[in-house]
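Novice: Show me how the following folds:
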Amino acid sequence: MGIGHYIKEIGRGARGAKALDRAQAADLLGQVLDGQVSDLEVGAFCVAMRIKGETVEEMCGFLDAVQERIARFPACAGGQPLVVLPSYNGARKLPVLTPLLALLLAREGCSVLLHGMRTESRRVLASEVLEALDIQALTAPNQIASGTVAHIATGALLPGLARLLAVRETIGLRTPAHSLVKLITPCAGPALLVASYTHGEYFELLGATFAARGMHALLSRGLEGEVAADPRRRPRYDAYIAGAHQLLQEQQPGTAAEVPGLPAEIDAASTAAYTRRVLAGQAPVPEALAQQVRHIVRLAQQISARARP
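Specialist: Modelled structure (predicted):
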């Protein structure tokens, strides 16, 4: 069938472009993920969407296509949600703290999945830190027990999505996949997505998408594109339980000049060593992360309660 007729609608510039409905968006991305279209069409789609921007209907349709095809982890025991931490940006100026967040959540009894791949050159990835902590990546989904952390590459979940992410290397622009990967919940049972945004305009888009899809999510402004809280700040937290919005916390003013124990180095070995010190009680848990953990644990408990008869 091809996607040329969709590109004709979305590719008329910022003012002339027409938005797709949910079914059209799902069909378009489904063909892209299945490898049914040419590289030229994929590039045209990505550039057109970068200029036009995604609507809530389009995001929902794109997610429909992804969730229909993605490999899924088994449901967690007892109606417990799988806590999903997307990690695609890595460390640039501060150590990547997503592995520490994952391990702190596991210590509270959560089942935690981190997924990602390299989308930024010269950044230290959360997966590299986890491997330095002797937590090896999975090659396929399997059961994640309570109190454990697993991580997996995007390509092992959905190769077509990894290919779409890699288009950035050719065209030099973010693609719709860069937003989508931070919203997927590859689980056969309940999942709690920990999501973040960097640019303010995405806050409304993400919140509306969670509501439209009836998702469980915690949303905040992340650290350098990661979902772990910036240890120097106290961000606003918004929760979504089955799409229903709750404001958990307003943003607190101020930025800490330093974080006790946080290393200046951002390499995987230094970050892993810091993570070990925090978990062993030899360095304090940054209060911003401790607060984020408390929010996630409470939401997980709410989701578990909904699953009980």
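Novice: So Leu205 is in contact with Glu57, correct?
Specialist: No - assessed by CB atoms under 8 Å, Leu205 is found out of contact with Glu57, at 11.0 Å. All C-beta atoms are positioned from the backbone trio N, CA, C, and that covers glycine.
Novice: and the residue lying closest to Leu279 once chain neighbours are set aside, what helix or strand is that in?
Specialist: With sequence-adjacent residues excluded and distances taken as CB to CB, 6 or more residues apart in numbering, Leu279 is closest to Leu103, at 6.0 Å. In the assignment (DSSP states H and E), Leu103 maps to helix 98-107.
Novice: And for Ala23?
Specialist: Going by DSSP H and E, Ala23 is in helix 22-33.
Novice: what's next to the helix or strand following that helix, contact-wise?
Specialist: Per DSSP H and E, the first helix or strand lying C-terminal to helix 22-33 is helix 39-52. Residues from elsewhere that reach helix 39-52, judged by CB atoms under 8 Å, 6 or more residues apart in numbering: 2-4, 6-7, 10-11, 13-14, 17, 19, 28, 32, 37, 58, 164, 167, 170-171, 173-176.
Novice: Among the residues you listed, which are located in helices?
Specialist: 4, 6-7, 10, 13-14, 28, 32, 58, 164, 170-171, 176 (DSSP state H).
Novice: What pairs with the helix or strand Val194 falls within, parallel or antiparallel?
Specialist: Element membership for Val194, per DSSP H and E: strand 191-197. Strand pairing for strand 191-197, determined by DSSP bridges: strand 82-86 (parallel), strand 217-221 (parallel).
Novice: Quick check: which of those is buried the most?
Specialist: strand 82-86 (a mean of 27; mean count of other CB atoms under 10 Å).
Novice: hang on, the earlier thing: check which helices and strands the helix holding Ala23 is in contact with.
Specialist: helix 4-10, helix 39-52, helix 56-69, helix 159-166 (3 or more CB pairs under 8 Å, 6 or more residues apart in numbering; DSSP states H and E).
Novice: nearest to Gly189, of those helices?
Specialist: For the helices and strands packed on helix 22-33, the distance to Gly189 is smallest for helix 56-69, at 13.5 Å, taking CB to CB.
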